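1. the amino acid sequence is not available; the structure is as follows:
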């Protein structure tokens with residue numbers, strides 16, 4: 001059976017464009033605002049949504065996403081609440097792929113088998129768990145694949161050709177290439193190096209390659225979309241939402257509108273790269 005992720009990448013490929021992959025933190029700054037932001041994403045041009053699972057010790061995340069996770073935790077968001085949010089989104093949208101992104105500790109505490117069953121029932125399509133290397137695939141990756149959920153792995157500028165086969169071995173859905181070394185939201189990528197890295201990874205796999213970290217605006221999205229199968233944007237969206245919060249950290253209708261406006265711009269940037277796209 002073809003997954004939503006496969007269907008969406010095929011749709012974008014037929015349009016000769018990259019997929020726009022957007023990241024938001026579940027429950028930021030509160031569940032109601034978070035749901036309205038989620039609903040706004042596809043309307044504004046997001047093809048795939050990564051939903052952050054807030055965690056108190058997010059080692060790979062920069063200040064923006066760390067702050068979003070803390071806001072969500074302070075608002076009472078739990079892993080069960082994340083899945084409830086996904087289920088509520090699914091009531092109105094049965095097509096947009098949802099990727100759960102976070103860390104293993106909350107899943108371990110929740111219970112792996114229970115989490116996988118509940119995530120599938122809620123309507124999730126896959127997951128990215130950044131602190132589980134391939135050597136730990138039996139912990140979560142292999143059970144996730146068995147449960148019908150894609151397990152998306154990260155490759156980085158330091159993932160050489162010796163390491164890459166292990167990274168790709170059980171990866172499904174797509175490969176997430178981290179365009180810079182360091183945390184999310186830090187710096188801008190070197191686009192020529194990103195293009196070379198995407199080409200190298202695609203020499204090892206038929207999976208789509210999406211590129212994230214450091215994509216802040218339409219111009220950056222355009223540059224990445226010329227070579228990659230997907231463009232991932234997270235911190236910039238979190239920043240746009242954060243600017244709408246009042247003095248007490250509360251969101252509202254302006255939050256979804258601000259995020260939606262930026263996604264409109266990013267989607268236009270992705271679409272504008274169609275004439276420059278390098279296809280295999």
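-> Great, that's in hand. What you are looking at is a predicted structure, and each value in this text was computed from that prediction instead of being measured. Numbers count the residues shown, from 1 in each chain.
2. residues near residue 261, how many?
-> 13 (other Cβ atoms under 10 Å). C-beta: built from backbone N, CA, C; applies to glycine.
3. and it, how far is that from residue 246?
-> Distance of residue 261 to residue 246, given as Cβ to Cβ, to the nearest Å: 19 Å.
4. ok, residue 215 next?
-> Taking Cβ to Cβ, one finds residue 215 at 28 Å from residue 246.
5. between these two, who's got more neighbours?
-> More crowded of residue 215 and residue 246, by other Cβ under 10 Å: residue 215, with 28 against 10.
6. helix, strand, or coil at that one?
-> Secondary structure, DSSP: H, G, I helix; E, B strand; the rest coil: residue 215 is coil.
7. surely it touches residue 230?
-> No: taking Cβ atoms under 8 Å as the definition, residue 215 is not a contact partner of residue 230, at 10.6 Å.
8. for residue 224, what are its contacts?
-> Contacts for residue 224 (Cβ atoms under 8 Å, 6 or more residues apart in numbering) come out as 18, 179, 189, 191, 194, 211, 215, 231.
9. swap that for residue 241, sorry
-> Neighbouring residues of residue 241 by Cβ under 8 Å, 6+ apart: 24, 28, 29, 37, 68, 251, 255, 258, 259.
10. can you name the two of those residues that sit furthest apart?
-> With distances taken as Cβ to Cβ, the most widely separated pair in the contacts of residue 241 is 68 and 258, at 13.9 Å.
11. pick out whichever of those two has more residues nearby.
-> residue 68 (29 against 20).
12. leaving out sequence neighbours, find the closest residue to that one.
-> Here the nearest residue to residue 68 in space, its sequence neighbours aside, is residue 25; by Cβ to Cβ, 6 or more residues apart in numbering that works out to 3.8 Å.
13. backbone dihedrals for the one you found, please?
-> Reported as degrees, to the nearest 10, the phi and psi values for residue 25 are phi -90, psi 130.
14. residue 128 too?
-> According to degrees, to the nearest 10, residue 128 has phi -130, psi 120.
15. ok, it - contacts?
-> The contact partners of residue 128, by Cβ under 8 Å, 6+ apart, come to 50, 99, 100, 101, 102, 152, 153, 154, 176.
16. neighbour count for the residues you listed - can I get that in CSV?
-> Output for those, formatted as CSV (neighbours: other Cβ atoms under 10 Å):
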residue, neighbour count
50, 26
99, 24
100, 26
101, 25
102, 26
152, 25
153, 25
154, 18
176, 25
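17. now, among these, which is nearest to residue 205?
-> Checking the contacts of residue 128 one by one against residue 205 (Cβ to Cβ), the nearest turns out to be residue 153, at 10.2 Å.
18. go ahead and confirm the closest one touches residue 168.
-> Yes: with contact defined as Cβ under 8 Å, residue 153 reaches residue 168; the gap is 7.0 Å.
19. quick check: neighbours shared by the two?
-> Joint contacts of residue 153 and residue 168 (Cβ under 8 Å, 6+ apart) are residue 175.
20. need the next SSE after the host helix or strand of residue 21, C-terminal direction.
-> Residue 21 belongs to strand 19-25 when assigned by DSSP states H and E. Note on strand 19-25: by DSSP H and E, the next helix or strand toward the C-terminus is helix 31-44.
21. in that next one, what counts as buried?
-> Neighbour counts over helix 31-44 (16 or more other Cβ atoms under 10 Å) mark 31, 33, 34, 35, 36, 37, 38, 39, 40, 41, 42, 44 as buried.
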